[in-house]
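> Could you look at this predicted model? Sequence included:
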Amino acid sequence: MKILFLGAGGVGGYFGGRLIESGADAVFLVRPDRQARLKADGLRVESPHGNLTLSVATVTRDAVEPVYDLVVVAPKSYDLEDAIASIQPAVGPGTFVLPLLNGVVHMDVLDAQLGRNRVLGGVAHIAATMSAEGTIRQLTEMHSLTVGGRDPGTQTMAQAFIEMCSTARFDSRLVSNIESVLWEKWAFLAALAGMTTLMRCPVGEIMDTDCGDRLARSLYSECLGVAAANDFPVEQTAQQRALGMLTQKGSAFAASMLRDLESGQRTEHEHVLGEMVRSAARHGLAAPILDAAFTNMQIRARRAP
């Protein structure tokens, strides 16, 4: 299987690097400046699971060809349209696309532009960032991919990809209900992003207040209500696991949205919080804490330089 990874940042660079380390045939589609740095320094990863420096194959947008079995895209949600334009030349008649984005709205966009019969579903669980000099830094031990198809053709490709991942140094699993998994992560992430950006601090500091635990549980309950209204209720086991992380005393855990906010970067608040708020409104659900969290991020985005 020949794989193209769009970008070589925190998500695509990490999982792509681990796959290449295990012997996979993978290429990174990158901008010229990133290509030059990768050629000079290699792909560098700092991780609790072992550091990595690899010589990797790269291609730029003007030179990419439709020779890939699978294209993996993991951009920020606000870069999705540009990402689709970048990979279009790489998508041949038999090419499948695996998006690793937060939320679910991107699936409709990809289906409309590339065809539902070639779009897999994927969820990445990893906290990683890229330094100014181009090193990918994994911030916690969590590193897993969950992948699935929505029809026999995409499920067959998902299975082949997960079989390839089985020899790589990260966790991976194949599921038959990938849309439910997407909603499960979205509900958790919206609660995490909402509470940590609203309070401008990690989970542990929020829990060290009189109302922090109640805030987290109420916000997560609002997100669970939206998932259920869309016919993707989150299972009890997943709910308890999520609440354990959202209410853990002393935890330094925070959403990447908070890191982006504090560093002056553009954030995914429209995709993660805004779409959840709009879905709640469509179903007539009251979500006052979600509303507050989204309003906060909208104001901060408008004030940003």
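It's in. Numbering: from 1, shown residues only.

> Now for Gly10: which residues touch it?
Going by CB atoms under 8 Å, 6 or more residues apart in numbering, Gly10 touches Ile126, Ala128, Thr129, Met130, Ile136, Arg137. Bear in mind the C-beta positions are built from the backbone N, C-alpha and C, glycine included.

> Next, the contact list for the closest residue to it other than its chain neighbours, please.
Nearest residue to Gly10, sequence neighbours excluded (CB to CB, 6 or more residues apart in numbering): Ala128, at 3.6 Å. When contacts are counted by CB under 8 Å, 6+ apart, Ala128 is found next to Gly10, Val11, Tyr14, Ile136, Arg137, Gln138, Leu139.

> that older thread, can you tell me which of the contacts of Gly10 end up in strands?
Ile126, Ala128, Thr129, Met130, Ile136, Arg137 (DSSP state E).

> Could I have the buried ones of the residues you listed as ChimeraX selection syntax?
This is how ChimeraX selects the buried members of these, with burial counted by 16 or more other CB atoms under 10 Å:
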select :126,128,130,136
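
> can I get the ones in strands among the contacts of Gly10 in TSV with distance to Ala160?
What follows is those, written out as TSV (distance: CB to CB, whole Å):
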residue	distance to Ala160
Ile126	22
Ala128	25
Thr129	30
Met130	29
Ile136	26
Arg137	30
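
> Greatest separation within the ones in strands among the contacts of Gly10: which pair is it?
Ile126 and Met130 (12.4 Å; CB to CB).

> still on that earlier bit, so the residue nearest to Gly10 bridges to which residues?
Beta bridges link Ala128 to Gln138 when assigned by DSSP bridges.

> And it, how close does it get to Leu43?
Distance, Ala128 to Leu43, using CB to CB, to the nearest Å: 13 Å.

> so what sits against both of the two?
Taking CB under 8 Å, 6+ apart as the contact rule, Ala128 and Leu43 both touch Ile136.

> how far does the lengthiest helix in the chain sit from the chain's center?
In the chain, taking DSSP state H as the definition, the longest helix is helix 178-199. Counting by CA atoms, centre = their mean, to the nearest Å, helix 178-199 is centred 11 Å from the centre of its parent chain.

> which helices and strands sit right next to that helix?
Under the contact criterion of 3 or more CB pairs under 8 Å, 6 or more residues apart in numbering; DSSP states H and E, helix 178-199 touches strand 121-130, strand 136-148, helix 203-207, helix 212-229, helix 236-246, helix 256-262, helix 288-303.
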